[in-house]
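# Prediction below, plus the sequence it came from.
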Amino acid sequence: MGPLGCTCAVLACPETRQAVVVDPGDDAGRILEVVKANGLTVVAALVTHGHVDHFAAAAPVKAATGCRVHLHASDLPLYRAFQWQAAALGIVCPSVPAVDAGLADGERVGFGAASVSVLHTPGHTPGSVCLRGHDGSGELLFSGDTLFRRGVGRTDLPGGDPLALRRSLLERLAVLPGDLRVIPGHGPATTIGDELPAR
């Protein structure tokens, strides 16, 4: 979604129809159409990091659904600088909602009988996180801008740290199962094994 092609996903519990929106980057109307068409109740918007292309639609999604917005505390300064970010990137984001809850390492965010777990993976930003959960076909990892197919997140933007990113990749992600599907914040899906072969 949006000019930078941010990946947005809606994960739902099949039993209760409660759902979370991962990275509501743009086009709130499209997100809400998916929610309505599937009879879902959105309980949370989970923002993988504090760059505006990953949360520009958070305000209208929260207004329409009453969901809570979750973001790692270390990225609150970036989140609050949304106007500067939006102007620099040419993204429309007139406002952002208050952050209701953090995304601390090891935390589980529930929606009905389902949940995602949080892995803090700093480097692209101080508060970058990956979210590990399930869909109808198995386990998957939403990697935000930490890991892409054949690439990793930039570290030359405010808050970027190449050494922290290297530690996150080697100590947090490379130890995960090689067949774990990865849904990056931009671009095509991949697996942990394809990007971070066992050493």
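On my side now, so go ahead. Values in this document were obtained by computation on a predicted structure and should not be read as measured data.
# Show me where the protein has its strands.
Listed in chain order, the strands found in the chain under DSSP state E are 9-12, 18-22, 41-46, 68-70, 108-111, 114-120, 129-135, 138-144, 147-148, 151-152, 181-184, 190-191.
# Check the gap between the residue nearest to the spatial centre of the chain and residue 171 for me.
Nearest to the mean C-alpha position of the chain, counting by C-alpha atoms, centre = their mean, stands residue 48 at 3.1 Å. Per C-beta to C-beta, to the nearest Å, residue 48 is found 18 Å from residue 171. No exception for glycine: its C-beta is placed from N, CA and C like everyone else's.
# So for the longest helix along the chain, what gets flagged as buried?
Counting residues, the longest helix found in the chain (DSSP state H) is helix 28-37. Residues of helix 28-37 classed as buried under the neighbour-count rule (16 or more other C-beta atoms under 10 Å) are 28, 31-32, 34-35.
# Can you add pLDDT and distance to residue 124 and give those back as CSV?
As requested, the buried residues of helix 28-37 are exported to CSV (pLDDT from 0 to 100; distance: C-beta to C-beta, whole Å):
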residue, pLDDT, distance to residue 124
28, 95, 24
31, 97, 23
32, 98, 28
34, 97, 27
35, 98, 28
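# pLDDT weak spots in the chain?
Along the chain, segments meeting pLDDT under 70 span 198-199.
# List of residues touching stretch 68-83?
43-47, 49-52, 55-56, 58, 62, 85, 93, 96-104, 109, 118, 120, 122, 125-129, 158-159 (C-beta atoms under 8 Å, 6 or more residues apart in numbering).
# State the number of residues packed around residue 124.
Counted with other C-beta atoms under 10 Å, the neighbours of residue 124 add up to 29.
# quick one, phi/psi of it?
The main-chain torsion angles of residue 124 are listed as degrees, to the nearest 10 and equal phi -60, psi -40.
# Now do the closest residue to it other than its chain neighbours against residue 27, distance only.
Computed as C-beta to C-beta, 6 or more residues apart in numbering, the closest residue to residue 124 that is not its neighbour in sequence is residue 153, at 3.2 Å. Counting by C-beta to C-beta, the gap between residue 153 and residue 27 amounts to 23 Å.
# Who has more neighbours out of those two?
Regarding residue 153 and residue 27, a neighbour count based on other C-beta under 10 Å identifies residue 153 as having more, with 25 against 16.
# Please verify my assumption that that one contacts residue 161.
No - applying C-beta atoms under 8 Å, one finds residue 153 not in contact with residue 161, separated by 10.5 Å.
# joint contacts of the two?
Among the neighbours of residue 153, those also in contact with residue 161 (C-beta under 8 Å, 6+ apart) are residue 123.
# Hmm, the residue nearest to the centre of the chain is touching residue 130, no?
Yes - with contacts counted by C-beta under 8 Å, residue 48 reaches residue 130, the gap being 7.1 Å.
# what is in contact with those two at once?
142-144, 146.
# okay, now residue 92: neighbour count?
The local packing count at residue 92 equals 11, with neighbours defined by other C-beta under 10 Å.
# List the residues that contact it.
If a contact means C-beta under 8 Å, 6+ apart, then residue 92 has 56, 86 as its contacts.
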